[in-house]
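how would this look folded up:
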Amino acid sequence: MTEAGDEDDTDLSEPEGVHRQTGDASKPKHTSGTVTDLRRPLADMRQELKATTKRMHRLEISHQKVITTPARRDARADDDLRDACRAGNLVEVKQILDTGRADVNSRDVVGRTPVMEAAVRGHRDMVKLLVGRGADVSLVTDGGNNILHYACMTGDRETVEFVLSLDAVDVNARNNFGETAADLARLWGHRQLSDLLVSRGAQ
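Numbers count the residues shown, from 1 in each chain. Okay, the predicted model is just below:
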């Protein structure tokens, strides 16, 4: 204890270069150069994030390829599919399509597809199956015939009505000889089919 008038020799000032800390002593001191030191790891983190994102995209693309890449197409399987469609063998057609090796829209030398082969023989259940498996009924052969042309040749009314219900074929489409499906229906003696097509807008 000091007497009045005596000077206290205790130096309460902080040493030069030392800053008083308050609160948590573990908090970093804001000294010169700290901002630069923080920017460097932040840039590194951004680079690492970009690299990680790229790796994720590559993995995603690779995964999609594994999922979506179909089995290798087989020309022999395409021939077998058309043969089974001609025969009206539903079981065999399902088995062939299930392998994934046949193209449901494959074409023969004149451009006929499996669903055309089924339609021209009046296999309406086969036509429905193939359409359900992705058969494109808008395709035409080298001679300009579409599935409706073929369906009208055989004269199966239910097959024709099913094709018309798809709204994917122009009822007045003409082949390379200028014939419509109604023309072929009359040519093959299917007058009722011709009348049906006229009622659906055929000229």
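
Now residue 94: which helix or strand?
helix 90-99 (DSSP states H and E).

Show me what that helix is packed against.
Packing partners of helix 90-99 (3 or more Cβ pairs under 8 Å, 6 or more residues apart in numbering; DSSP states H and E): helix 75-87, helix 124-132. From N, CA and C alone the C-beta is placed, and that goes for glycine too.

Tell me which of these is the most buried.
Neighbour counts (mean count of other Cβ atoms under 10 Å) averaged over each of the helices and strands packed on helix 90-99 peak at helix 124-132, with a mean of 20.

Just the residues contacting that one, thanks.
Outside helix 124-132, the residues that touch it by Cβ atoms under 8 Å, 6 or more residues apart in numbering are 85, 88, 90, 93-94, 104, 114-115, 118-119, 135, 137, 147, 151, 156, 158-159, 162-163, 166.

now it and helix 75-87, what's the angle there?
Relative orientation of helix 124-132 and helix 75-87, computed by axes from the mean of the first three to the mean of the last three Cα atoms, to 10 degrees: 140 degrees.

Can you name the next helix or strand after helix 124-132?
Heading C-terminal from helix 124-132, the first helix or strand you meet, by DSSP H and E, is helix 147-154.

average model confidence for that next one?
Averaging pLDDT along helix 147-154 yields 94.

same for it, what does it pack against?
Where contact means 3+ Cβ pairs under 8 Å, 6+ apart, helix 147-154 is packed against helix 114-120, helix 157-165, helix 181-187, helix 191-199.

right, and these - which one's nearest residue 100?
Ranking those by their distance to residue 100 (criterion: Cβ to Cβ) puts helix 114-120 first, at 14.9 Å.

Show the contacting residues for residue 150.
Residue 150 is in contact with 116, 119-120, counting by Cβ under 8 Å, 6+ apart.

Against residue 95, how distant is it?
24 Å (Cβ to Cβ, to the nearest Å).

Quick one: closest of the helices and strands packed on helix 90-99 to residue 191.
Of all those, helix 124-132 sits nearest to residue 191, with 19.8 Å by Cβ to Cβ.

Could you check the angle that closest one makes with helix 147-154?
Angle of helix 124-132 versus helix 147-154, following the same axes, to 10 degrees, is 170 degrees.

any idea of the mean pLDDT in helix 124-132?
Per-residue scores along helix 124-132 average to 96.
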